[in-house]
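*Asks:* dropping a prediction and its sequence here:
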Amino acid sequence: MSKTILIVDDNPAIRKILREMLEREAGWKVCGEASNGREGIEKAQQLHPDVVVLDLSMPVMNGLEAARELKQLLPSLPVVMFTNFETHHLKQEILSAGIKVIVSKDDSAKALVSSIQALLKPAS
């Protein structure tokens with residue numbers, strides 16, 4: 001059975017690259033895409049993905065606000081914050097929102113894949 005991933009990023013080119021990269025992984029399928037945090041929350045509730053890759057800086061509702069709401073609505077849903085912006089203060093805010101994994105867009109594609117793999121591993 002495939003593991004499903006929801007991509008939430010306002011940049012269509014980034015979403016396309018992420019989709020292509022993630023779907024190269026055996027057993028992974030991108031179940032949906034959203035262009036802002038509000039749309040991401042709605043799609044997460046509809047699609048019930050196994051993990052969400054969430055951009056921080058987006059219009060309508062940013063990733064931090066969306067992460068807080070997602071953690072209230074779907075507390076067990078793993079979320080990877082995927083961002084260009086990472087200051088110590090912002091990292092603390094992201095962690096306090098219940099997001100345990102932050103991947104910089106400057107990191108290699110392998111870092112994102114490894115982070116998602118870790119989140120999808122069954123708890124032992």
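*Replies:* Nice, I can see it. It should be emphasised that the depicted structure is a prediction, and the values quoted were computed from it without experimental measurement. Residues are numbered from 1 along each chain as shown.
*Asks:* surely Ala109 and Leu22 touch.
*Replies:* No. Taking contacts as C-beta atoms under 8 Å, Ala109 lies outside contact range of Leu22: 9.2 Å. (Each C-beta comes from the backbone N, C-alpha and C, glycine too.)
*Asks:* ok, those two, which is more surrounded?
*Replies:* Leu22 (20 against 13; other C-beta atoms under 10 Å).
*Asks:* can you give me the distance of that one to Asn84?
*Replies:* Separation of Leu22 from Asn84 (C-beta to C-beta, to the nearest Å): 19 Å.
*Asks:* could I get the full set of helices for this protein?
*Replies:* With helices called from DSSP state H, the chain shows them at 12-22, 37-47, 63-73, 88-96, 109-120.
*Asks:* pretty sure Gly40 contacts Leu54?
*Replies:* Yes. Here Gly40 reaches Leu54: they are 6.5 Å apart, a contact under C-beta under 8 Å.
*Asks:* tell me the confidence at Lys121?
*Replies:* You'll see Lys121 listed with a pLDDT of 82.
*Asks:* hmm, back to that, which one's more surrounded, Gly40 and Leu54?
*Replies:* Using other C-beta under 10 Å as the criterion, Gly40 and Leu54 rank with Gly40 on top: 30 against 27.
*Asks:* how about the nearest residue to the more buried one, chain neighbours excluded?
*Replies:* Among residues not flanking Gly40 along the chain, Val8 sits closest, at 3.5 Å (C-beta to C-beta, 6 or more residues apart in numbering).
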